[in-house]
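Enquirer: Sequence plus predicted model, see below.
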Amino acid sequence: MFPTFILLSVLLFSSLSLSNAQYKPPLFVFGDSLYDDGMTLYNGVKGAGAEFWPYGETYFKKPAGRYSDGRLIPDFIAQYAGLPFLQPYLKPGLKDYTKGINFASAGACVLVELRPQTINLKRQINYFVEMVGKLKQQVGEAQAKKLLSEAVYLFNIAGNDYVVLIQKNVKKLPVSNFKKRRQMNMIIGNLTSHIKTIYNQGGRKFAFQNLGPLGCMPSMKYMLNFKGTCAEEPQQLARMHNAAFGSQLKRLQGQLPGFKYSVYDFYTSLYLRVLYGTRYGFRESQTACCGSGSYNGDFTCQKKGTSFSVCSNPNDYLWFDAAHPTDKANQAFSKEFWSGGSNLVSPYNLQNLFAAR
Ligand SMILES: *[C@@H]1O[C@H](CO)[C@@H](O)[C@H](O)[C@H]1NC(C)=O
């Protein structure tokens, strides 16, 4: 009798702790090409979606729908959180939504009129709401509610909105302060309403990578025919957006009970690596590994019928192509986002945001 009791309680205890150890809050990802892990491939636009060599060459050893030689920040974050690589929502045959899903797609903007052929943020949010219905069918209302409230919602978005603003005005720079502010207010207004949509579906834990130093991107320097380290006008746009969006998140925290968030200062982190590449292990921090033109800033990497060059060791490079970091750089950013101090990521880092109740 006694041994049976012990055996039973041991069994019960270990199965309880096992199920606890296996449960991880899901990760839902929204954004543009920095986070796209295949959505664009399934959207059926020819030539988009990083579908040809040399994309994927370092880690996946073949093109993997990701704009890098290897993994992206959401790949590393999923791994740190104990989750598998996330599936892109448009992948046919998906059945399990309990680990999270990736909705991010290359070229995406917040403002819907800017790039109509892409899966903009609004469409991503609509897909998310549709997915919530499927998740409820899969696991039931109560379990879905628990998953949605414990999930982390990770964003990288709005960089393209400002790239388009510069692109449209490239012959008449600088853009007036009035135009900049008007566009920024629309972007932050729409972003806010999308955050509230997720909140109303039960989401509580939000994480944002702020806008990177847009003026240091090889593609931006190529477009502006700029010779130097970073072009100031796009830099100023990114800083203006980051400051205003930071204040907006603080306001949201005051308005929405239970709303928690994390902002990673990607701007500073990437900017420091552009300026002082060698200190961070990047022998080349201005010219991209793959592409053509000045700084390899012409977006020809993988384009059929164009001539482009590819470096032999992407690990020496900060930029893999004209606008996207290498696997090695993404790993460094992800470590900071996951467990960095409050100078890099605040109020929560991702590790603490995942653990928060
Ligand atoms: C959202 O963006 C559109 C332009 O795409 C703009 O007309 C609208 O005012 C914005 N909404 C908010 C709440 O800012």
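Expert: It's in.

Enquirer: Indicate the residue of the protein located nearest to the ligand.
Expert: Going by CB to the nearest ligand atom, the ligand is nearest to Gly189 of the chain, at 2.1 Å. Where you see a C-beta, it was placed from the backbone N, CA and C, and this is true even at glycine.

Enquirer: what pairs with the nearest residue to Val345 once chain neighbours are set aside across the strands?
Expert: Distances taken as CB to CB, 6 or more residues apart in numbering put Tyr264 closest to Val345, at 4.5 Å, once the chain neighbours are dropped. Beta-bridge partners recorded for Tyr264 (DSSP bridges): Gln209, Val345.

Enquirer: wait, isn't Tyr264 in contact with Gln209?
Expert: Yes: counting by CB atoms under 8 Å, Gln209 is a contact partner of Tyr264 at 4.9 Å.

Enquirer: so where's the stretch 201-350 of the chain shaky on pLDDT?
Expert: By pLDDT under 70, the stretch 201-350 of the chain has no low-scoring segment.

Enquirer: hmm, 90 instead?
Expert: Within the stretch 201-350 of the chain, the ranges that satisfy pLDDT under 90 run 302-306.

Enquirer: Okay, helices next: where are they in it?
Expert: Secondary structure of the stretch 201-350 of the chain (DSSP state H, counting those that start in this stretch): helices at 218-223, 232-255, 266-275, 327-339, 350-355.

Enquirer: residue boundaries of the strands in the stretch 101-250 of the chain?
Expert: Along the stretch 101-250 of the chain, the stretches classed as strands by DSSP state E, counting those that start in this stretch are 152-156, 205-209.

Enquirer: closest to Cys301 out of the ones you listed?
Expert: strand 152-156 (20.0 Å; CB to CB).

Enquirer: Packing partners of that closest one?
Expert: strand 27-31, helix 73-80, strand 205-209, helix 350-355 (3 or more CB pairs under 8 Å, 6 or more residues apart in numbering; DSSP states H and E).

Enquirer: So what touches that strand?
Expert: With contact meaning CB atoms under 8 Å, 6 or more residues apart in numbering, strand 152-156 is reached by 25-32, 34-35, 73-74, 77, 81, 104, 198, 203, 205-209, 266, 350, 353-354.
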